[in-house]
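> Provided below are the primary sequence and the corresponding predicted coordinates.
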Amino acid sequence: MILIICGTNRPNSTTRKICTIYQDLLTQHGAESRILDLYDLPADFTKTALYHNSGKNTAFNEFRQLVESSQKFVFVVPEYNYSFPGVLKAFIDGLKYPDSLTNKKAALVGLSSGMQGGSVALSHLTDILMYMGVNLVGLQLKLSRIEANMEGNKISSPIYNQLLTTQVERLIAF
């Protein structure tokens, strides 16, 4: 199973829409997947599940177990303040180190309202994931001006749709 991580806890986010599109593509290619939406994290997890409280928050432990039992991931990451959302970093910090992600595989999808498509956010996240021993798909998607390239819950850009399909195929084969 491929775990799609929605890299924000913003309600009704465009990131969540992209996760659903990605999941549909995986299904079309015969791959089983699940979306882990950071919106669903316990509101107090940064106080009750990290550091000396590691392993003590039952609700957060369900998220940890989902990550630990998965071998492949897709991180769909919006650009916030020239990086990625802090909730994603806090979530990663709450995982068992180094076991949760070491030697596992992941694809990265960045998105932004601006012109860079989350390239700096993906750069920051790549550094962290590489440190944790994750093997990354070489094709990192940077979806710029994302709102202008969507119609409702669908991506309207043929180029973006082709890039997503290519990355899905590479992740499945990886």
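Everything's here; your move. This one's a predicted model, so the numbers in the text were calculated from it and none came from an experiment. Numbering: from 1, shown residues only.
> Gly138 should be in a helix, yeah?
No. Counting by DSSP: H, G, I helix; E, B strand; the rest coil, Gly138 is not part of a helix but coil.
> burial measure for it, as a count.
For Gly138, the count of nearby residues is 8 (other CB atoms under 10 Å). In this view, the C-beta of every residue, glycine as well, is placed from N, C-alpha and C.
> pull out the buried positions in stretch 81-88.
The neighbour-count check on stretch 81-88 (16 or more other CB atoms under 10 Å) flags 83-85, 87-88 as buried.
> among those, which are in helices?
In helices, defined here by DSSP state H, the members of the buried residues of stretch 81-88 are 87-88.
> and the buried residues of stretch 81-88 as TSV, adding distance to Leu129 and pLDDT?
Formatted as TSV, those follow (distance: CB to CB, whole Å; pLDDT from 0 to 100):
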residue	distance to Leu129	pLDDT
Ser83	14	96
Phe84	11	97
Pro85	15	97
Val87	16	98
Leu88	11	98
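> any idea where the strands of the chain begin and end?
Using DSSP state E, the strands found in the chain span residues 2-6, 33-37, 72-78, 105-111, 135-136, 141-143, 150-151, 154-155.
> would you list those strands in a markdown table and tack on mean neighbour count?
Below are the strands of the chain laid out as a markdown table (neighbours: other CB atoms under 10 Å):
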| stretch | mean neighbour count |
| --- | --- |
| strand 2-6 | 23 |
| strand 33-37 | 17 |
| strand 72-78 | 25 |
| strand 105-111 | 25 |
| strand 135-136 | 16 |
| strand 141-143 | 21 |
| strand 150-151 | 14 |
| strand 154-155 | 14 |
